[in-house]
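Trainee: Test case, fold it:
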Amino acid sequence: FVATASLTQISFESGHLIIDAAATGDQSLRFTQAGQRVTLDLPAPLGPQRSATITLKYHGAPSRGVTFIGEPQQIYTAFTTSEWMVGIDDPSDKATLDLTVSVPSEWTVFSHGDPVGGAAAEVGRRAYRFLLTEPASTYTYGFVAGRFSAVVQERVGNIQLQYVGTDTDEATMRRVFADTPDMLRFFEDRAGVPYPAHAFTQVLTAGGAQQELSGLVLLPKTYAPWVAEHPQDITLAAHELAHQWWGNRVTCQSWNEFWLNEGMATFMAAAYVEHRFGRDAYDRLIAGYRADYERIRDAGHDKPLVFADWSRPSADDRTLVYRKGAYVLAQLRDTIGDAAFWAGLRAYTRQFDGKSVVSDDLRVQMERASGRDLAPFFSQWVSAR
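Mentor: Down below sits the predicted model:
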């Protein structure tokens with residue numbers, strides 16, 4: 001890490017993990033754990049812009065953040081990275097990652113970033129190594145490992161696509177993910193930013209995972225039979241793929257602005273459905289989001305999209321962030337018109353690619369694209385009042 005100010009201590013989130021030892025080089029470090037954080041005493045003050053390396057050894061049995069499935073044997077991570085790897089959960093604090101996962105030799109591992117040469121492993125085990133070279137928020141870190149029924153590969157330009165199944169054959173996998181290449185092209189066009197990696201993998205897991213990681217999406221295996229029966233209901237896959245731009249690359253500066261991740265991805269999934277199946281299909285989705293929002297509003301639980309505090313969100317709070325957020329973006333599109341809306345979204349995505357944002361960043365770009373004062377709109381729907 002690099003110090004941004006003079007440091008004598010450094011703290012990380014450590015979830016429910018138990019720290020066994022800490023060191024810098026061959027020198028042990030004193031540390032304390034409290035409130036799911038570990039604080040380490042540095043051996044000497046570290047000046048601004050100076051770098052240091054810390055090694056931590058730890059163990060634990062996380063209750064969240066990583067899921068272990070007995071049959072079929074699988075492990076996958078989701079969102080709360082500090083429950084399986086010490087780090088910083090702040091979405092605005094982005095970092096690179098070099099991850100090696102050691103598993104039984106008959107297992108396979110898929111992860112974020114680019115796979116690199118196999119690392120050394122014990123007899124009967126295999127080690128997979130992945131490099132994430134573009135800084136990313138820690139919630140986008142992770143992997144899925146275990147036994148899988150099928151792996152299908154295809155290329156779109158220079159992007160390697162992989163579809164990984166659990167209890168699903170190759171033919172079904174190809175049908176379920178047939179729209180993935182078109183989704184990539186659609187989101188690239190709307191973002192004005194190319195897909196930011198060399199590979200994209202979608203995995204149907206034995207659990208209930210619905211999670212976007214950097215270059216990797218986890219979906220429940222029940223998604224396959226559902227899409228087979230309802231071929232237009234591909235919003236879940238579209239939502240998670242949209243996050244590769246809106247969420248993973250253009251990231252909310254704090255969880256209080258989480259709607260910029262989730263409301264945007266929900267809206268963009270509906271926009272893809274419009275592109276793929278027509279305006280009526282889009283209108284039905286937006287009408288559903290509006291109905292969900294109005295139910296919460298009529299119950300007296302409405303809140304601005306910028307939350308005063310996101311530390312203990314309720315189910316209604318999550319619905320507001322996802323569905324009210326998507327409905328508000330649809331309202332904004334109707335207010336300023338298609339040309340201005342898509343131009344504003346493209347400018348917003350380009351300017352803040354790889355960065356963190358607040359709602360005013362979106363407002364400014366939409367105002368520039370439309371030539372309109374959108375402060376009243378954002379005050380009504382978005383800003384904390």
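
Trainee: Now for Leu218, how many residues are close by?
Mentor: 26 (other CB atoms under 10 Å). Quick note: C-beta positions are derived from backbone N, CA and C, even for glycine.

Trainee: I misspoke; the intended subject was Pro304.
Mentor: 19.

Trainee: quick check, it in a helix?
Mentor: No. Pro304 is assigned coil when assessed by DSSP: H, G, I helix; E, B strand; the rest coil, not a helix.

Trainee: Give me the below-cutoff pLDDT ranges for this structure.
Mentor: For the chain, applying pLDDT under 70 flags the ranges 118, 384-385.

Trainee: which residues does the residue nearest the centre of it form a beta bridge with?
Mentor: Computing the C-alpha centroid of the chain and ranking residues by CA atoms, centre = their mean puts Glu212 first, at 4.0 Å. Note on Glu212: beta-bridge partners by DSSP bridges are Val217.

Trainee: Make sure it is actually in contact with Ser137.
Mentor: No. If you go by CB atoms under 8 Å, Glu212 and Ser137 don't touch, sitting 10.9 Å apart.

Trainee: what sits in contact with each of the two?
Mentor: Asn248 (CB atoms under 8 Å, 6 or more residues apart in numbering).

Trainee: Pairing partners for the longest strand seen in the chain, with directions?
Mentor: Scanning the chain for the strand with the most residues, using DSSP state E, yields strand 125-136. As defined by DSSP bridges, the strand partners of strand 125-136 come to strand 95-104 (antiparallel), strand 114-119 (antiparallel).

Trainee: tell me which residues in that strand are buried?
Mentor: If you call a residue buried by 16 or more other CB atoms under 10 Å, then strand 125-136 has these buried ones: Arg126, Ala127, Tyr128, Arg129, Phe130, Leu132, Glu134, Ala136.

Trainee: What is the most widely separated pair among the residues you listed?
Mentor: Largest separation among the buried residues of strand 125-136 by CB to CB: Arg126 and Glu134, giving 26.3 Å.

Trainee: residues contacting Asp20?
Mentor: Lys57, Tyr58, His59.

Trainee: Name the residues of the one helix or strand it maps to that come out as buried.
Mentor: Assigned by DSSP states H and E, Asp20 falls within strand 18-24. Buried residues in strand 18-24, counted by 16+ other CB under 10 Å: Ile19, Ala22, Thr24.

Trainee: after it, next one along is what?
Mentor: Criterion used, DSSP H and E; the element after strand 18-24 is strand 27-28.

Trainee: Parallel or antiparallel, which strands does that next one pair with?
Mentor: strand 18-24 (antiparallel).

Trainee: Put the alpha carbons of the partner strand into PDB.
Mentor: Extracted C-alpha coordinates of strand 18-24, given in PDB (Å, rounded to 0.1, in the frame of the first residue of the first chain):
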ATOM      1  CA  ILE A  18      -9.300 -14.200  13.300                       C
ATOM      2  CA  ILE A  19      -5.900 -12.700  12.700                       C
ATOM      3  CA  ASP A  20      -3.000 -15.100  13.700                       C
ATOM      4  CA  ALA A  21       0.000 -13.000  12.800                       C
ATOM      5  CA  ALA A  22       1.100  -9.800  11.100                       C
ATOM      6  CA  ALA A  23       4.500  -8.700   9.800                       C
ATOM      7  CA  THR A  24       6.400  -6.400   7.500                       C
END
